[in-house]
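Asker: next one to model:
(chains A, B, C and D)
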2 protein chains.
Amino acid sequence: MKSLTNKQLKIYEFILTCQTENGFPPTQAEIRDHFRFGSLNAVRSHLMLIEKKGYIRLSCGKARGIQLKRTPASIFRQQDGSIPLLGSIAAGVPIWAKRNFETPLPIPPSLFGGGELFALRVCGDSMTGAGIKNGDIAVIQRKSCVENGEIAAVLIDQEATLKRVYLSSNSLVLKADNPSFGDLEYTPDKSDVIIILGRYLGIIRTENNRCWS
Amino acid sequence: MKSLTNKQLKIYEFILTCQTENGFPPTQAEIRDHFRFGSLNAVRSHLMLIEKKGYIRLSCGKARGIQLKRTPASIFRQQDGSIPLLGSIAAGVPIWAKRNFETPLPIPPSLFGGGELFALRVCGDSMTGAGIKNGDIAVIQRKSCVENGEIAAVLIDQEATLKRVYLSSNSLVLKADNPSFGDLEYTPDKSDVIIILGRYLGIIRTENNRCWS
DNA sequence: TATGATAGTGTTTATTGTAACAGTATTTAA
DNA sequence: TTAAATACTGTTACAATAAACACTATCATA
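Answerer: Numbering: from 1, shown residues only, chains lettered A, B, ... in the order given. Predicted coordinates:
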């Protein structure tokens, strides 16, 4: 699979944003306006190249006929030397979607030990006991099971949070590292959907909340 | 939240199918053609009613400006007296998507004990030891954790299968009820994504593989 | 039995959106 | 250093779509 050029990636990301934000892909004209192209042909030729590389599928003649074929994860995985940043995950927002992808962190994954990494912006004070503050960026290693007592990024009813995970044969307990937060216990009779996204590896804190690019 | 009429549900489902099949929603004309309406206004008035009930959002003036707002699950949950059938889940197909929804089973959920139920068509012979055959329809109760040794519907890399689940503090073992299938063991160092969809409650087998409607 | 909500037909118009033509720089790689 | 791929501008024509107006028929239900 040939990788996308920078420009092509930007366009792919824009299509992805539109798709998840609006529920449908952009028109060629909308792409033109977003990138301030003077011509529709700039868009068309880009789209055809992206299609040739297999990242989208164009339905010729149809309005908004752009079908995404790769997941955001697979797109970002190709860029080495950076970690995709998923922003703060708002309630109800699917994990690989919406306003998710901010500018990737210009940090080599090897700094955190490698593997399939992504980053989340931490919301709230549930992990202050572990020295994780509101606004920090948490680096997560994607895996489905973690050691008892480890901190994991957990998806609870579509909302991503950091919790300490304690798993026994018939219950899953999620503890916040802050006494003012209660424990959450999940037993087999509950129908809540809990997905362990990955293991917490560390944080990045830029006191001035600076933007990088 | 007001529930949809039969006709409105059919249209919603069609939009969902298009969205997942093509990557973008249908145009009003495509909806008209699919339902063999003589007029676009039949479509428009339906869409406006469905929007008023909160299931979609219309972007006026835009081609294919239909945004789905409810998940398939929430749609089907409103219909009591039947269990949504998700068909056989092919590799790479998201669980709540694509060709997923076949005609719901006309079976009261209470027969299986209630809760949030759905059904899957079983592919393959991995569970013959438990008397579950290829082509059977398995009824699943949605929950995220199950008792050790119980049979669960598990999503492994986007593919749904039935397995016996054995969970310890640092590994998850999935066993097939058929000696010719090997065990799958997942330890914290693996990055595979395992999602427990729910607990296996039983099967429905119609020897002639009849269709119901 | 009214009355409102639902489920339609038919037509016209304005707008949205894609395709195809003919070009020119700029970058990347052999 | 040449050739190919990428990254564009500008224009025109035509097809695809949504919106608006004016109607009729059916269905639940109070």
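Asker: for the closest residue to residue A:30 other than its chain neighbours, give its distance to residue B:48.
Answerer: Excluding the flanking residues, the one nearest residue A:30 by C-beta to C-beta, 6 or more residues apart in numbering or on different chains is residue A:18, at 7.2 Å. Quick note: C-beta positions are derived from backbone N, CA and C, even for glycine. Applying C-beta to C-beta, to the nearest Å, the value for residue A:18 to residue B:48 is 23 Å.
Asker: those two: which is more packed in?
Answerer: Set residue A:18 next to residue B:48 and count neighbours by other C-beta atoms under 10 Å in any protein chain shown: residue A:18 wins out with 19 against 12.
Asker: you'd agree that one is up against residue A:24?
Answerer: Yes - taking contacts as C-beta atoms under 8 Å, residue A:18 lies within contact range of residue A:24: 7.4 Å.
Asker: would you mind finding the longest strand in chain A?
Answerer: Counting residues, the longest strand found in chain A (DSSP state E) is strand A:194-204.
Asker: helices or strands next to that one in the packing?
Answerer: strand A:117-121, strand A:137-142, strand A:151-156, strand A:159-167 (3 or more C-beta pairs under 8 Å, 6 or more residues apart in numbering or on different chains; DSSP states H and E).
Asker: in TSV, list those along with distance to DNA strand C and mean neighbour count.
Answerer: Putting the helices and strands packed on strand A:194-204 into TSV (distance: least, C-beta to the nearest atom of the strand, whole Å; neighbours: other C-beta atoms under 10 Å in any protein chain shown) gives the following:
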stretch	distance to DNA strand C	mean neighbour count
strand A:117-121	26	24
strand A:137-142	29	22
strand A:151-156	34	21
strand A:159-167	32	21
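Asker: can you redo those strands as JSON lines with mean pLDDT?
Answerer: Formatted as JSON lines, the helices and strands packed on strand A:194-204 follow (pLDDT from 0 to 100):
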{"stretch": "strand A:117-121", "mean pLDDT": "78"}
{"stretch": "strand A:137-142", "mean pLDDT": "78"}
{"stretch": "strand A:151-156", "mean pLDDT": "80"}
{"stretch": "strand A:159-167", "mean pLDDT": "80"}
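Asker: go through those strands and name the closest to DNA strand D.
Answerer: strand A:117-121 (25.3 Å; C-beta to the nearest atom of the strand).
Asker: and stretch A:50-64, how far apart are its ends?
Answerer: 15 Å (C-alpha to C-alpha, to the nearest Å).
Asker: quick one on the thing from earlier: just want the angle from the longest strand of chain A to strand A:159-167.
Answerer: Interaxial angle of strand A:194-204 relative to strand A:159-167 (axes from the mean of the first three to the mean of the last three C-alpha atoms, to 10 degrees): 100 degrees.
Asker: before we move on, the earlier item: could I get the helices and strands packed on strand A:194-204 as JSON lines with distance to residue B:182?
Answerer: As requested, those are arranged in JSON lines below (distance: least, C-beta to C-beta, whole Å):
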{"stretch": "strand A:117-121", "distance to residue B:182": "30"}
{"stretch": "strand A:137-142", "distance to residue B:182": "25"}
{"stretch": "strand A:151-156", "distance to residue B:182": "28"}
{"stretch": "strand A:159-167", "distance to residue B:182": "24"}
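Asker: for chain B, find the nearest of those strands.
Answerer: Smallest distance to chain B across the helices and strands packed on strand A:194-204 (C-beta to the nearest C-beta): 5.5 Å, for strand A:137-142.
Asker: what pairs with the closest one, and is each one parallel or antiparallel?
Answerer: Using DSSP bridges, the strands paired with strand A:137-142 are strand A:117-121 (antiparallel), strand A:194-204 (antiparallel).
Asker: could I get the first one in PDB with only the CA atoms?
Answerer: Read it as strand A:117-121. The C-alpha coordinates for strand A:117-121 follow below in PDB (Å, rounded to 0.1, in the frame of the first residue of the first chain):
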ATOM      1  CA  LEU A 117       0.400   4.200  20.600                       C
ATOM      2  CA  PHE A 118      -2.100   7.000  20.600                       C
ATOM      3  CA  ALA A 119      -2.600  10.000  22.900                       C
ATOM      4  CA  LEU A 120      -5.600  11.400  24.700                       C
ATOM      5  CA  ARG A 121      -6.200  14.700  26.300                       C
END
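Asker: which strand or helix spans residue A:9?
Answerer: helix A:6-22 (DSSP states H and E).
Asker: and that helix, anywhere near DNA strand D?
Answerer: Yes - for helix A:6-22 and DNA strand D, the contact criterion (C-beta under 7 Å from any atom of the strand) is met by A:6, A:7, A:8.
Asker: pLDDT below threshold where in chain A?
Answerer: Chain A contains residues with pLDDT under 70 at A:1, A:20, A:70-116, A:142-145, A:155-159, A:168-170, A:187-195, A:205-213.
Asker: what does it have sitting close to DNA strand D?
Answerer: A:5-8, A:35, A:37-42, A:45-46, A:49, A:52, A:61-63.
Asker: try 10 Å this time
Answerer: A:2-11, A:24, A:32, A:35-46, A:48-50, A:52-53, A:59-65 (C-beta under 10 Å from any atom of the strand).
Asker: contacts with DNA strand C among those, please.
Answerer: Among these, DNA strand C is touched by A:3, A:5-7, A:24, A:32, A:38-45, A:48, A:59-65 when using C-beta under 10 Å from any atom of the strand.
Asker: return the subset of these lying in helices.
Answerer: Among these, the ones falling in helices (DSSP state H) are A:6, A:7, A:32, A:40, A:41, A:42, A:43, A:44, A:45, A:48.
Asker: who in chain A is up against DNA strand C?
Answerer: Checking chain A against DNA strand C by C-beta under 10 Å from any atom of the strand, the hits are A:3, A:5-7, A:24-33, A:38-45, A:47-48, A:58-66.
Asker: same thing but 7 Å
Answerer: Contacts of chain A with DNA strand C, taken as C-beta under 7 Å from any atom of the strand, map to A:27-30, A:40-41, A:44, A:58, A:60-65.
Asker: pull out the buried members of those residues.
Answerer: A:27, A:28, A:30, A:64, A:65 (16 or more other C-beta atoms under 10 Å in any protein chain shown).
Asker: closest to chain B out of those?
Answerer: Nearest member of those to chain B, counting by C-beta to the nearest C-beta, is residue A:64, at 4.9 Å.
Asker: pretty sure the closest one contacts residue A:27?
Answerer: Yes - between residue A:64 and residue A:27 there is a contact under C-beta under 8 Å: 5.5 Å.
Asker: re earlier: quick check: the two most widely separated of the ones in helices among the ones next to DNA strand C among the residues of chain A next to DNA strand D?
Answerer: A:6 and A:40 (21.0 Å; C-beta to C-beta).
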